[in-house]
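Q: Just to be clear, the model below is a prediction. Sequence and coordinates:
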Amino acid sequence: MLKQFSTYVKYSIYLVPFIIFLILKNFFAFNSNLIYIFFLAYIFILFITDASGQQIYNNLGQNLVNNSDREYFKNSKKTGKAQISNIIISKVTNKLAIVISVPYFKGDEFMGVFAATIDMQAVSKCAYP
């Protein structure tokens, strides 16, 4: 069972950039392809949580933190919809970040979120070199 889950996680993480594109496309009326390319360049951490908010995977392979106290996690769990956070300080990197989270379900049961962290300090350096 664990092997099947790890395979699911391994291949599902590749869907996150596409999911982020779909979310951003709905938030912005202008050329969403440019937004996708822009934000994809600044995604620093991709992670998956379980239903309790505990990270079960991140692409850094270290420091799996609990995100149950974060508004984006609470709102994803409560509404069942994708969320974009306010600017926060990442628990993993201690850098300014925006998190885009997409809940995932098994039937009607909330199982956790797929999420991407956008490094706002890198974005800021690009905008104001």
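A: Received, thanks. Numbering: from 1, shown residues only.

Q: okay, CA-based contacts and neighbour counts for the rest of this
A: Noted.

Q: Show me where this structure has its helices.
A: For the chain, applying DSSP state H gives helices covering 2-12, 16-27, 32-41, 71-79, 120-127.

Q: ranking those by mean pLDDT, which is last?
A: With a mean of 47, helix 2-12 has the lowest mean pLDDT of the helices of the chain.

Q: Return the residues in contact with residue 120.
A: 42, 87, 95-98 (CA atoms under 8 Å, 6 or more residues apart in numbering).

Q: Farthest-apart pair in these, please.
A: With distances taken as CA to CA, the most widely separated pair in those is 42 and 87, at 14.1 Å.

Q: the more surrounded of those two?
A: residue 42 (17 against 14; other CA atoms under 10 Å).

Q: Quick check: residue 60 touching residue 48?
A: No - Residue 60 is not in contact with residue 48 according to CA atoms under 8 Å; the separation is 11.9 Å.

Q: Look at those two and report which has more neighbours.
A: residue 48 (27 against 12).

Q: where does the more buried one land on pLDDT?
A: 92.

Q: Correct me if wrong: it contacts residue 61.
A: No - the criterion here is CA under 8 Å, and residue 48 misses it with residue 61 at 11.7 Å.

Q: shared neighbours of the two, anything?
A: By CA under 8 Å, 6+ apart, no residue touches both residue 48 and residue 61.

Q: As CSV, the contacts of residue 120 with distance to residue 76 and pLDDT would be great.
A: Output for the contacts of residue 120, formatted as CSV (distance: CA to CA, whole Å; pLDDT from 0 to 100):
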residue, distance to residue 76, pLDDT
42, 22, 66
87, 17, 90
95, 22, 87
96, 21, 88
97, 18, 89
98, 15, 88
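
Q: ok, so of the residues you listed, who is nearest residue 121?
A: Of the contacts of residue 120, the one sitting nearest to residue 121 (CA to CA) turns out to be residue 96, at 6.1 Å.

Q: That concludes my questions; thank you for your assistance.
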